[in-house]
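Engineer: Next one to model:
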Amino acid sequence: MVLLDWVNELMAPCFDAPCFDFQQGKTPRCAALRTLRTPGHEVELAVSPLAGMRGFAGYHTSILVAGEEYFFCPTGINCSPNVISHQSGANMQRIYIGLSQASGSELLEFLEHHFRPGSYDLLRKNCNSFTDCAMYFLCEQRLGLRYRTVEKLAWAADDNVGLLQGITNGDYRPNPRADEFELQAVLAEIELARDYSSSELSEAATEEDDGTRLPESWLAANSPVYMQGNVSM
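Structural biologist: Numbering: from 1, shown residues only. Alright, predicted model coming up:
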């Protein structure tokens, strides 16, 4: 079945090695990766079409911070000093996004709370969901709709008639651990933290960290006191 082949191709990048099977070539935690001592960390979007159909079957995306790859899969947020999550021969593109005052470890510190291991869902909380949040955290930019259209269409079909469960013989089932995930809520948290005033930063430093506040070093570099202007969502 053509549609079944499409679903299998859609699942492959996040369930096949090395993204899912991380026993080979497993890298240290992101905090141990190198950090460039420059005014900003170069941010790139890595994107490759699935099924070799120029994006018709969807895209797999990840984010690069100073050349280090960050991506989301069933084991949670993973990172590597090299690009490893895109299949070889997948016609991957690296698209320059901009410079960020936030480092890869700061990105991980904030988003780990939202993208925990075991919470991956093929349609509702996948690699593109993470990339979208990461781009907004780092550079106040969103992942282009062209890279997310397939997931939204497939999710709508599954929501209405259970089409994907039927054609995959139940291979795709919604992950209940992704039920509470709301992309817009995560983006709103990033925006709220970015809008802290200098006085709020001082108060926030004395409060107990509940896991949702941006790292202080990032806040200090990106608050309105240090930035001129702000990009709205």
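Engineer: burial of D195, as a residue count?
Structural biologist: 12 (other C-beta atoms under 10 Å). To be clear about C-beta, it is placed using only N, CA and C from the backbone, and glycine gets the same treatment.
Engineer: cool, and L192?
Structural biologist: Residues near L192, counting by other C-beta under 10 Å, number 12.
Engineer: That one: which element?
Structural biologist: helix 183-194 (DSSP states H and E).
Engineer: by contact count, what packs against that helix?
Structural biologist: With contacts defined as 3 or more C-beta pairs under 8 Å, 6 or more residues apart in numbering; DSSP states H and E, the packing partners of helix 183-194 are helix 127-139, helix 216-222.
Engineer: same thing but 6 Å
Structural biologist: For helix 183-194, the helices and strands in contact under the criterion 3 or more C-beta pairs under 6 Å, 6 or more residues apart in numbering; DSSP states H and E are helix 127-139.
Engineer: Output the contacting helices and strands for the helix it packs on.
Structural biologist: Here helix 127-139 touches strand 59-65, strand 68-73, strand 93-100, helix 104-111, helix 183-194, going by 3+ C-beta pairs under 6 Å, 6+ apart.
Engineer: Show residues contacting it.
Structural biologist: For helix 127-139, the external contacting residues (C-beta atoms under 6 Å, 6 or more residues apart in numbering) are 14, 43, 60-61, 63, 71-72, 97-98, 100, 102, 107, 111, 115, 141, 143, 147-148, 183, 186-187, 190.
Engineer: Make a PyMOL selection of the buried ones in those.
Structural biologist: Only the buried entries of the contacts of helix 127-139 go into this PyMOL selection, using 16 or more other C-beta atoms under 10 Å:
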select buried, resi 14+43+60+61+63+71+72+97+100+102+107+111+115+143+147+148+183+186+187+190
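Engineer: N78 and S85, how far apart?
Structural biologist: 8 Å (C-beta to C-beta, to the nearest Å).
Engineer: shared neighbours, these two?
Structural biologist: Common contacts of N78 and S85 (C-beta under 6 Å, 6+ apart): F71.
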